[in-house]
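*Asks:* only the shape, not the letters, is given here:
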């Protein structure tokens, strides 16, 4: 079983739709959680960190459920420019050092 | 954007030749990471460094070595390149010593083709 798992999609949604992605992780000692966005042939870029109480940044809402070991990303009022791959990232302190483990990503295509 | 520079940006090399990729940062971050990205596998950790001369293996370290002689530079070496090492390589930095919630920041990537 992979440490971090995501539905690869693709998710094809119309403009203006609300779409949600989930990500599960297996290491219960994981400390930090992030969502990244990656455009084709580009480097991943931080979309938002995920905090225990949940957090929102404009049209984006992230939530963490430690008991069930999953994080989610909700995108409201989807724009064409939201089309990208969304990567779930989990960080843990292991043997005194920090590692970041990535999910394989969920592809989103917003259609006009 | 975080000051991370990867070089070269593109490289084509032949099987069996040594290759070194360079990552240079200007952020004075303690941690540096090398990932490779392949279709169907996502980003996989090759090696990482948590300080000068302090490095450790990631999940796909076979065939790769690293060195970090200065805070700002992290080198990834393929001792004898193979076609299976054709990939996109990303360097990333973070500073979790300041905050455990420190995210990764990535360089632009190096596209390596081994023929």
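*Replies:* That came through fine. Since this is a predicted model, take the numbers as computed values, not measurements.

*Asks:* show me what the residue most central in space within chain B bridges to in the sheet.
*Replies:* Closest residue to the average C-alpha location of chain B: residue B:34 at 2.5 Å, with CA atoms, centre = their mean. Assessed by DSSP bridges, residue B:34 has beta-bridge partners residue B:47, residue B:91.

*Asks:* ok, now which ones touch it?
*Replies:* Applying CB atoms under 8 Å, 6 or more residues apart in numbering or on different chains, we find residue B:34 in contact with B:21, B:23, B:45-48, B:58, B:64, B:66, B:74, B:76, B:89-91. No exception for glycine: its C-beta is placed from N, CA and C like everyone else's.

*Asks:* what of residue B:31?
*Replies:* Counting by CB under 8 Å, 6+ apart, residue B:31 makes contact with A:97-98, B:48-50, B:93-96.

*Asks:* which other helices and strands contact the helix or strand bottoming out on mean pLDDT in chain A?
*Replies:* Across the helices and strands of chain A, mean pLDDT, DSSP states H and E gives its lowest value to strand A:97-102, namely a mean of 89. The contact analysis (3 or more CB pairs under 8 Å, 6 or more residues apart in numbering or on different chains; DSSP states H and E) places strand A:97-102 against strand A:84-94, strand B:31-38, strand B:42-51, strand B:87-94.

*Asks:* returning to what we had before: which one of the contacts of residue B:31 sits closest to residue A:90?
*Replies:* Nearest to residue A:90, judged by CB to CB, of these is residue A:98 at 11.1 Å.
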